[in-house]
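Chemist: Got a sequence here, can you model it:
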Amino acid sequence: MKINLDGIRLLGETLEKDNFEEEEFYQLMKTKAMKGFIEHEKIFNKKVNKIIIKEEIINTIKVKGYKDKFEFHIIKENIEQLKEDLNYIENNEYIIVHEALKRVYNIVPKHTKINPNIYLYGGGIDGGFTIYRKKVYINYIKYIGDKEEFIKVLSHELFHCRKLPLKSKSKTFFIYDFNLEKFMYEIIGKALEEGIASLIQHGHYFKKDDPVGMLTNRNLVLAAEEFNRLNDILITIKYGRPDYYNIKVLNIYVIGYYIVNLLYRHYGKEILLPWIVNYDYKELIKAYIEINRANNMSSGFSDEIEKWIISL
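Modeler: Here you go, the predicted structure:
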């Protein structure tokens, strides 16, 4: 498993210059890291292309104090730290990957295969993403000077790259033919997926805010608000009128981490296996409701939603 540094290194070299160099920019845009970043942004309907990136890089180089939309200025302001970090990653690649995988295998069965290509890029608001469980992209702008957080986010993305049994893969295709299951997997399933990845990243005792801001002490304290939103969403799904806006803005990281962490603290990692291995969300979400009922605590779900989930 290799960590490809070409994209982030070329970006740093481009921004370090006093003048914009067309050929260097051309080489930067040819890297797999930047191609992956651009395609990822387009998926979410963000206006990103080579022309816009070029304009922002030129402004970052030439205009003193310019704060570009991709946060390239953070690289320019921390160029020496970036060089130091990349040299460290290059010389300690095995240790970094080993430490990230160690976090994953604390939760995931040891026989699970995880072997993606890893690319470091720079730009945008995300901390990282995966493509088809084969490629991991990490936005290193968010982790300059923080090796621990870099390893943690790498472990998060490596979890998403676990190779599943063929029967589990076929199940993910089948569910999209049935509306109710499609939406439940899109919401509850994704929440569990990100919740387990976040448990791997942050541990069961949350200490430090995620640099990207999706999971922080503050939004965990305010988790009830997200559960209220989730209740509203599930009601609309139950009656066949999905609320697409609230689905889009729901913080599945908060919902997922809250549910998964409670399950883990009560039952250990084994309770998470139905989702990790078979994409079975029902066993986990029902166990979560039962824990809260047994301890006379609120699950965050309304009575109507609880009864509906238990009946699924």
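
Chemist: Give me the below-cutoff pLDDT ranges for the chain.
Modeler: 45, 166-178 (pLDDT under 70).

Chemist: Now do the strands for the stretch 51-200 of the chain: every range, in order, please.
Modeler: In the stretch 51-200 of the chain, the strands defined using DSSP state E, counting those that start in this stretch lie at 117-121, 128-131, 135-139.

Chemist: Contacts for the first one, please.
Modeler: It stands for strand 117-121. Applying C-beta atoms under 8 Å, 6 or more residues apart in numbering, the external contacts of strand 117-121 come out as 1-5, 7-8, 11, 32-34, 36-37, 89, 97, 134-140, 154. In this view, the C-beta of every residue, glycine as well, is placed from N, C-alpha and C.

Chemist: Quick check: which of the strands of the stretch 51-200 of the chain is nearest to residue 255?
Modeler: strand 128-131 (19.2 Å; C-beta to C-beta).

Chemist: Next, the buried residues of that closest one.
Modeler: Of all the residues in strand 128-131, those buried under the rule 16 or more other C-beta atoms under 10 Å are 128, 129, 130, 131.

Chemist: Now flag whichever of those residues is closest to residue 51.
Modeler: residue 129 (22.8 Å).

Chemist: Mind listing residues that contact stretch 73-80?
Modeler: By C-beta under 8 Å, 6+ apart, stretch 73-80 touches 11-12, 15-16, 60-61, 66-67, 82, 122, 141, 144-145.

Chemist: about what we covered before: generate a ChimeraX selection restricted to the buried entries among the contacts of strand 117-121.
Modeler: Selecting the buried subset of the contacts of strand 117-121 in ChimeraX, with 16+ other C-beta under 10 Å as the burial test, is done by:
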select :1,3,4,5,7,8,11,33,34,36,37,89,97,135,136,137,138,139,140,154
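
Chemist: Give me the distance between residue 143 and residue 219.
Modeler: 20 Å (C-beta to C-beta, to the nearest Å).

Chemist: Have a look at those two and say which one is more surrounded.
Modeler: Counted by other C-beta atoms under 10 Å, residue 143 and residue 219 do not tie: residue 143 has more neighbours, with 22 against 18.

Chemist: Quick check: closest non-adjacent residue to the more buried one.
Modeler: In space, and not counting its chain neighbours, residue 143 is closest to residue 150: 4.1 Å by C-beta to C-beta, 6 or more residues apart in numbering.

Chemist: quick one, what contacts the one you found?
Modeler: Counting by C-beta under 8 Å, 6+ apart, residue 150 has contacts 96, 138, 140, 143.

Chemist: how does it look with 10 Å?
Modeler: 85, 88-89, 96, 100, 120, 127-128, 138, 140, 142-144, 211 (C-beta atoms under 10 Å, 6 or more residues apart in numbering).

Chemist: how about a markdown table for these, with distance to residue 258 added?
Modeler: Converted to a markdown table, the contacts of residue 150 look like this (distance: C-beta to C-beta, whole Å):
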| residue | distance to residue 258 |
| --- | --- |
| 85 | 32 |
| 88 | 34 |
| 89 | 33 |
| 96 | 29 |
| 100 | 24 |
| 120 | 30 |
| 127 | 19 |
| 128 | 21 |
| 138 | 25 |
| 140 | 29 |
| 142 | 23 |
| 143 | 25 |
| 144 | 30 |
| 211 | 20 |
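
Chemist: of all the residues you listed, which comes closest to residue 293?
Modeler: residue 127 (35.2 Å).
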